[in-house]
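**Student:** need coordinates for the below:
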Amino acid sequence: MKKRPCRTMAFALAFALAALSLAGCRAAESTTPGAPKTLRVLGDAFTVDVYNIAFAVSQDNVEVELIDPSNEFKKIIEEQIKKRQENGDPDSIRGVDYLEVYRNLLTGPEAPDVVFIDERSYRTLAKEGLLLALDGFIDKDRFPLDRLAPGLVDALRELGEGTLYGFAPTFSAYALVYNKDRFDAAGLPYPTDEMTWDELFDLAEALAGEKDGKKRYGLSYGGAFDPIRLTETMLAQQEVMLFTDDGKPNPVDTPERRAVWTRLVELEKRGVIAPPLSDRLEEIKRASSEAQGGDRFVTPYEDDDFLSERAAMQLISSGQLLYIRNVLNDAFFFGDNWTPPSFDWDLAAFPAPADHPDAGGPVHMSRIVAINANAAEPDLAWRYIRLVMSDKLARASRNSNSFFGELKAYVDANATEALQGVNLEAFWKRKPIIVPLYTTNETEARVLDALNGAMQRVRKEGASVDEALQAAEREIRQERKE
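**Tutor:** The predicted model follows:
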């Protein structure tokens, strides 16, 4: 943790140097002499400092002012704690309504010009008319949308109900990683970027079995998925959503969900899909203590079905990619007692339903940059966005770990020496989907808890899929009445 400021500063310096080269080409865009203009940027300091530095370096007579929303969040929590101490009411601690904070800041007397927000806030604020449409700026400057990850702009337009209000300089996506040696030994073709779920499960079944008395699975959920998350992702690919756009739960006892649950449970029972990581954590912890007399893993990657060669294929997030590469390329020192795995591997695109062949995996955009509809300096704000989304800044950050393994929207900037030869296009080959599985309110948490409980009863207690989903439906309806 102590090294983060150094990495961030190095990252900012690289951005600033790239910005200097941009500044030489854009002197004509500098503001006119006189009092400096102020550009207000709303976002947390860790996210936006590097961009603010780069913009300040590239512009003449412009000051950049940071508005950090965490200060407002802190004030709200402190006020709630104070009220609880005064009246003793535990309900005084209600948490923070982040959207309300953003609304107040965007319409306040010192409103920001530029905002950095997540995809959920982006969707709501755009719908409420608090963000400025970017199409006019894009057309005027002939902004090169074709150089961004295919589907990423479409996803942002979809969140904006057909209008583009922002860009995501980085994003997280999902793909399938596979052990080429296992496929070669079995005489099977490698997974492809056009693969369907049925084709994936058929391959997984052909690769499942035993070796030296130990189970070998065809497919693993990995750390990114579990039965519920994968179910809701597969259903979202078919446009069957767990919640409505305004956050109300849709019925959970549906034919589509029953079919997916039945398939996943049956494949796990037959040893085709590995049990989810949550099932293995206690087992790993126990084995670690027995083997080493301490609370450590047997190997540094014992919790990973793919790296430990228990599974031939695994669903992964882009954030896991560099770790996998480093382990398999012997870039980590494991000590004398551990030998790193050694096998050839590659990526394939996230599978799709046969009736929705273009549907890709989930995409998450935690840093969407947009312009406040009430901005005092909209043209300057667009200039800021254009720099944030420039190919030079993307390339300057190519080897930075500051954003925890996220992919660059400018896809050419993802091709690093460390990942040479890897099919990175697998992460953006198909059209991404938005699956809001990170719970932000009590309703969503209760629905997901009900589904997780129902799935556990099916997997652990032998309940039927029909019975479990019917019980979950009743539980959700009852809680809504209360």
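**Student:** can you list the domains in this structure?
**Tutor:** Per automatic domain parsing, the structural domains of the chain span 4-170+364-420, 174-361+439-481.
**Student:** select, out of those domains, the one closest to Arg430.
**Tutor:** Across these, Arg430 has its closest neighbour in domain 174-361+439-481 (3.0 Å, Cβ to Cβ). Just so you know, the C-beta spots here come from the backbone N, C-alpha and C atoms, and that holds for glycine as well.
**Student:** run the chain-centre distance for that closest one.
**Tutor:** 16 Å (Cα atoms, centre = their mean, to the nearest Å).
**Student:** what mean pLDDT does it get?
**Tutor:** For domain 174-361+439-481, the mean pLDDT works out to 89.
**Student:** same question for stretch 49-58.
**Tutor:** In this model, stretch 49-58 carries a mean pLDDT of 92.
**Student:** ok, now how distant is Pro378 from Leu132?
**Tutor:** Distance, Pro378 to Leu132, by Cβ to Cβ, to the nearest Å: 6 Å.
**Student:** overlap in contacts of these two?
**Tutor:** The contact sets of Pro378 and Leu132 overlap at Ile371 (Cβ atoms under 8 Å, 6 or more residues apart in numbering).
**Student:** compare neighbour counts for those two and give me the winner.
**Tutor:** Leu132 (21 against 17; other Cβ atoms under 10 Å).
**Student:** quick check: the gap between the more buried one and Ser397.
**Tutor:** 26 Å.
**Student:** repeat for Glu302
**Tutor:** On the measure of Cβ to Cβ, Glu302 and Ser397 end up 33 Å apart.
**Student:** the two: who's more crowded?
**Tutor:** Using other Cβ under 10 Å as the criterion, Glu302 and Ser397 rank with Ser397 on top: 24 against 20.
**Student:** per-residue pLDDT, that one?
**Tutor:** For Ser397, the predicted pLDDT is 70.
**Student:** where exactly do the helices run in the stretch 201-350 of the chain?
**Tutor:** 227-237, 255-269, 277-292, 321-328 (DSSP state H, counting those that start in this stretch).
**Student:** quick one: closest of these to Ala186.
**Tutor:** Each of the helices of the stretch 201-350 of the chain has some distance to Ala186 by Cβ to Cβ; the shortest is helix 255-269, at 17.5 Å.
**Student:** which SSE is Pro112 in?
**Tutor:** Pro112 belongs to no helix or strand when assigned by DSSP states H and E.
**Student:** tell me the pLDDT of it.
**Tutor:** Reported pLDDT for Pro112: 97.
**Student:** residues contacting it?
**Tutor:** Counted by Cβ under 8 Å, 6+ apart, Pro112 has contacts Arg40, Val41, Leu42, Ile67, Leu105, Leu106, Asn372, Ala375.
**Student:** need the nearest residue in space to the third one, chain neighbours excluded.
**Tutor:** Nearest residue to Leu42 in three dimensions, chain neighbours excluded: Pro112, at 3.7 Å (Cβ to Cβ, 6 or more residues apart in numbering).
**Student:** I'd like the distance between that neighbour and Glu268.
**Tutor:** 48 Å.
**Student:** identify the residues contacting stretch 456-467?
**Tutor:** With Cβ under 8 Å, 6+ apart as the criterion, stretch 456-467 contacts Pro227, Arg258, Trp261, Thr262, Val265, Glu268, Ala454, Ala468, Ala471.
**Student:** of the residues you listed, just the buried ones, PyMOL syntax please.
**Tutor:** Command for PyMOL that selects the buried part of the contacts of stretch 456-467, burial taken from 16 or more other Cβ atoms under 10 Å:
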select buried, resi 227+258+261+265+268+454+468+471
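**Student:** between the contacts of stretch 456-467, which sits nearest Ala35?
**Tutor:** Pro227 (60.2 Å).
**Student:** ok, that closest one touching Met455?
**Tutor:** Yes - if you go by Cβ atoms under 8 Å, Pro227 and Met455 touch, sitting 5.2 Å apart.
**Student:** overlap in contacts, these two.
**Tutor:** By Cβ under 8 Å, 6+ apart, the residues touching both Pro227 and Met455 are Trp261.
**Student:** quick check: end-to-end length of stretch 454-467?
**Tutor:** Its start and end residues considered, stretch 454-467 measures 9 Å (Cα to Cα, to the nearest Å).
**Student:** chain center to the helix or strand that contains Glu72, what's the gap?
**Tutor:** Using DSSP H and E, Glu72 falls within helix 69-87. On the basis of Cα atoms, centre = their mean, helix 69-87 sits 30 Å off its chain's mean C-alpha point.
**Student:** elements contacting the helix or strand just after that helix?
**Tutor:** Beyond helix 69-87 on the C-terminal side, the first helix or strand identified by DSSP H and E is helix 98-107. Packing contacts for helix 98-107, counted by 3 or more Cβ pairs under 8 Å, 6 or more residues apart in numbering; DSSP states H and E, involve strand 37-42, helix 69-87, strand 114-117, helix 119-127.
**Student:** in the last one, what's buried?
**Tutor:** Of the residues in helix 119-127, Glu119, Arg120, Ser121, Tyr122, Arg123, Thr124, Leu125, Ala126 count as buried by neighbour count, 16+ other Cβ under 10 Å.
**Student:** check the second one too.
**Tutor:** Under the neighbour-count criterion of 16+ other Cβ under 10 Å, helix 69-87 has Pro69, Glu72, Phe73, Ile76, Gln80 buried.
**Student:** equivalent analysis for stretch 387-399, please.
**Tutor:** In stretch 387-399, counting by 16+ other Cβ under 10 Å, buried: Leu387, Val388, Met389, Ser390, Asp391, Lys392, Leu393, Ala394, Arg395, Ala396, Ser397, Arg398.
**Student:** and stretch 40-51, by the same measure?
**Tutor:** By neighbour count on 16+ other Cβ under 10 Å, the buried set for stretch 40-51 is Arg40, Val41, Leu42, Gly43, Thr47, Val48, Asp49, Val50, Tyr51.
**Student:** kindly report the same for stretch 144-158.
**Tutor:** Neighbour-count burial for stretch 144-158 [16+ other Cβ under 10 Å]: Leu148, Ala149, Pro150, Gly151, Leu152, Val153, Ala155, Leu156, Glu158.
**Student:** ditto for stretch 204-221
**Tutor:** Neighbour count says stretch 204-221 has Ala204, Glu205, Leu207, Ala208, Arg216, Tyr217, Gly218, Leu219, Ser220, Tyr221 buried, by 16+ other Cβ under 10 Å.
**Student:** from Gly319, how far out is the last one?
**Tutor:** Counting by Cβ to Cβ, the gap between Tyr221 and Gly319 amounts to 16 Å.
**Student:** same check on Glu65?
**Tutor:** From Glu65 over to Gly319 (counting by Cβ to Cβ), the distance is 31 Å.
**Student:** one more: Leu130?
**Tutor:** Taken as Cβ to Cβ, the span from Leu130 to Gly319 is 30 Å.
**Student:** pull the most distant pair out of the contacts of stretch 456-467.
**Tutor:** Glu268 and Ala471 (20.3 Å).
**Student:** okay, and the beta partners of Phe171?
**Tutor:** For Phe171, the beta-bridge partners under DSSP bridges are Leu407.
**Student:** residues in contact with it?
**Tutor:** Counting by Cβ under 8 Å, 6+ apart, Phe171 touches Ala149, Leu152, Ser318, Val363, His364, Met365, Glu406, Leu407, Ala409.
**Student:** hang on, the third one packs against Leu419?
**Tutor:** No - at 10.7 Å, Ser318 does not count as touching Leu419 under the criterion of Cβ under 8 Å.
**Student:** neighbour-wise, which of these two wins?
**Tutor:** Applying other Cβ under 10 Å to Ser318 and Leu419 shows that Ser318 carries more neighbours, namely 25 against 14.
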